[in-house]
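In: Model the following, please.
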Amino acid sequence: MINLDQKNRNFFISRQPILNLKGETVAFEIIFRSSTLSSKSELMGNAPYAMAHGIINLLSQFGLDQIVGKHKGLIKIDHDLLMGDAIELLPKERIVLELPEIHSVTPEYINRCSDLREAGFEMVMDRHHFNPGLEPLYQIVHMTKIHPFRLPEDQLVRMIQNFRKFPLKILAEKVESREEYQKCTDWGFDLFQGYFFARPSVLEKKPIDEDAAGLLKLMRLLSDDAELDLIEKIFRGSSSLTYKLLLLVNSVGMGVREKIQTVRHAIAIVGRQRLKRWVQLAMFASDDSMGTDNPLMDMAAVRATFMEHLASRHPQLRNNREHADQAFMVGMLSLFESLYNITLEEIVTSLNLSDSIREALSPERQGPIGKLLKLAELMEQPGSVLITPALLEDFGSSTEDILAAQMKAYNWTGEMSPAPAGKI
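Out: Numbers count the residues shown, from 1 in each chain. Below you'll find the predicted structure:
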């Protein structure tokens, strides 16, 4: 048995967004990954109190606000933790309990779930198929997860219709393309989990409009440390671009009370380095999705910040601050193809970026920064790859580096969205 209190530093945390019908992030599933376990790094099979304390210590180490921002976090639990008193150690106002797979239940099980709901916990059934014998449980839980592409369509439609008789939401998991997402909306799902929003789709991509073109120019000017007059000229040509950028900058918790009124004021308070970050981030923000409810924007910011921090510690990159800036930019640019009808090659050419950035963004993810991008992409996958010390060494990183980079990357969410969590 693993004592999670003593060995929690061997665990990483990854998260996967849960989206509503509007494409907004409403929660995250929190996934614990281990660099030492032989399993796919789930915290199962441990004594209830050890498991509960381990979860709390891990969440405390990162800070739950930093991991999920204003949203709630889904965490898988086992039967022993569900039925024991240790579960009361978990913060019910922030955590949604993901129940183990259920095939049959006892009256004791039903009573326990009912008591937890009365105590304020929300619960979700994992990978569940409709079962008439479990109808009392369907009156208690808040949500059920279904893997829609493992079932014949007629059986799936009947299952959704049966669940509609109960006061719960239905989540489609492992939705990995825009086409799958559209099918799930047609079938009547309420919530969606998977990285479909980050998969390029010709039908969903936006053209490079005037604002996006202006932001690309700003990225280049800021990278070249251009004169302030040239930077301001871009904003003078677009009132909507000015509004978008100032709204993003104003949303950051910078520890100042005054609101930013002008571009010059923004640069003076934020500084060019941080302004450069938000210009890149603004590429992902639409007029109706400025904050962390935009899953692609969130993913880009976390990926870029994660890579930036690792570059500052990488043996081949850490002696030059410019490398950290390049790593951040690569993290951002790596997701542009998911958003705009433009290739990465066109973006790299239009920005006149260096060969090292071009190599990093190649399909092969070449060079040290390319390896960091490949590592960031692996860390985003929900437990499909075991992140071992040997693997990290190949990427020029250590367990401590990863933990520190994750904490820094997730922290930006808490800064942008201090509002409390609500129900999913």
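
In: Helices of the stretch 101-250 of the chain, residue ranges please.
Out: Under the criterion DSSP state H, counting those that start in this stretch, helices of the stretch 101-250 of the chain are mapped to 107-118, 135-138, 153-163, 178-187, 210-223, 228-236, 239-250.

In: Looking at these, which is nearest to residue 361?
Out: Checking the helices of the stretch 101-250 of the chain against residue 361 by C-beta to C-beta gives helix 210-223 as the closest, at 14.2 Å. The C-beta positions use only the backbone N, C-alpha and C, and glycine is treated the same way.

In: Need the mean per-residue confidence for the closest one.
Out: The pLDDT scores in helix 210-223 average 82.

In: do stretch 345-354 as well
Out: Rounded mean pLDDT across stretch 345-354 is 82.

In: burial of residue 244, as a residue count?
Out: Residues contacting residue 244 under the criterion other C-beta atoms under 10 Å number 22.

In: before we move on, back to that, tabulate the helices of the stretch 101-250 of the chain (a markdown table), appending distance to residue 351.
Out: As requested, the helices of the stretch 101-250 of the chain are exported to a markdown table (distance: least, C-beta to C-beta, whole Å):
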| stretch | distance to residue 351 |
| --- | --- |
| helix 107-118 | 52 |
| helix 135-138 | 53 |
| helix 153-163 | 45 |
| helix 178-187 | 27 |
| helix 210-223 | 5 |
| helix 228-236 | 14 |
| helix 239-250 | 17 |
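
In: Select, out of those helices, the one closest to residue 276.
Out: Of all these, helix 210-223 comes closest under C-beta to C-beta, at 4.3 Å.

In: Please identify the buried residues of the closest one?
Out: Using 16 or more other C-beta atoms under 10 Å as the test for burial, helix 210-223 gives 211, 212, 214, 215, 216, 217, 218, 219, 221, 222, 223.

In: Return the distance of it from the chain's centre.
Out: 25 Å (C-alpha atoms, centre = their mean, to the nearest Å).

In: Stretch 236-246 too?
Out: Remark: stretch 236-246 is offset 27 Å from the chain centroid, using C-alpha atoms, centre = their mean.

In: Next, the buried residues of that stretch.
Out: 238, 241, 242, 244, 245, 246.

In: Quick one: residues contacting the third one.
Out: Neighbour list for residue 242: 235, 263 [criterion: C-beta atoms under 8 Å, 6 or more residues apart in numbering].

In: so what's it scoring on pLDDT?
Out: 78.

In: for the last one, same thing?
Out: In the predicted model, residue 246 carries a pLDDT score of 72.

In: So it versus residue 389, what's the distance?
Out: From residue 246 over to residue 389 the distance is 44 Å, taken as C-beta to C-beta, to the nearest Å.

In: where does the stretch 51-200 of the chain have low pLDDT?
Out: 51-54, 57-62, 200 (pLDDT under 70).

In: Apologies, that question was intended for the stretch 301-424 of the chain.
Out: 382-386, 412-423.

In: Dump the buried residues of helix 210-223 to TSV, plus distance to residue 112.
Out: Shown next, in TSV, are the buried residues of helix 210-223 (distance: C-beta to C-beta, whole Å):
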residue	distance to residue 112
211	53
212	52
214	57
215	52
216	55
217	59
218	56
219	54
221	60
222	56
223	57
